[in-house]
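Q: Structural data only, the sequence is not supplied:
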C-alpha cells in the first residue's frame, strides 16, 4: 500500500499492491461544507500553486463551495491578503503546510482580516478564528470514532489517532479486496 496526496480512489498495481490516499481534495470539500454550515456568505481560498496537494485541495474547494469571491495564489502574500480584505470574504480556506497556514494567518490578521480561516495543517498561530480541519469537526463517522476512542482510552483522540485508525482500515480493506 502506497500513500499519495492527489489520488483518492485506490489504484490496483498488481495482485496485492494498492495505492490509497486520504485525499487532499477531501479537505477542500470539508472546508466548503464547514463554511456552508457556518453560514459563510463570501468565501475565499489562498494557496501555493506550486504545491500539488494544496492545489488539489483548492480545486476541490472551488468545485464544492458556494459564493466564492476570491481564489488567489500566494506568490505575493501582501497583495493576496489585500485582495481578500477588499473582497470582504467572511471565510478563508488555506490549504498547505503549517508554515504556509501560519504565514497567511499572521499576515491576514495583522492586516486587519476579520473573517474565519479554515486550514488542514496545524498553524503556529493562536487565534480563535483559525479552525484546523483535522480537529474532527465534520461528519457523523468522525463523531462516532471520537466517542468510541474516548470510551476505550479515557482521553480525547488526536489527529494521529484518527489517521492510524484510517490507515488500519485501508490495510484491512486492501486485504479483504485481495481475498488472500
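A: Arrived safely, thanks for sending. Just so you know, these numbers come straight off a predicted model, no measurement behind them.

Q: so the residue nearest the centre of the chain is in which element?
A: In the chain, the C-alpha nearest the mean C-alpha coordinate belongs to residue 27, at 3.1 Å (Cα atoms, centre = their mean). In this structure, residue 27 sits in helix 24-37 according to DSSP states H and E.

Q: Which helix or strand lies directly C-terminal to that helix?
A: Later in the chain than helix 24-37, the nearest helix or strand by DSSP H and E is strand 43-47.

Q: That following strand packs against which elements?
A: Here strand 43-47 touches helix 52-64, strand 68-73, helix 77-87, strand 91-94, going by 3 or more Cβ pairs under 8 Å, 6 or more residues apart in numbering; DSSP states H and E. All C-beta spots, glycine's among them, are computed from the backbone N, C-alpha and C.

Q: Repeat the analysis, applying 10 Å as the threshold.
A: Secondary structure elements in contact with strand 43-47, counted by 3 or more Cβ pairs under 10 Å, 6 or more residues apart in numbering; DSSP states H and E, are helix 24-37, helix 52-64, strand 68-73, helix 77-87, strand 91-94, helix 98-110, strand 116-119.

Q: That one: partners in the sheet, and parallel or antiparallel?
A: Each strand that strand 43-47 pairs with, and the sense of that pairing, follows from DSSP bridges: strand 68-73 (parallel), strand 91-94 (parallel).

Q: Is it possible to get these out as JSON lines so that each row also shows mean neighbour count?
A: Written out in JSON lines, the entries for the strands paired with strand 43-47 read as follows (neighbours: other Cβ atoms under 10 Å):
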{"stretch": "strand 68-73", "mean neighbour count": "17"}
{"stretch": "strand 91-94", "mean neighbour count": "29"}
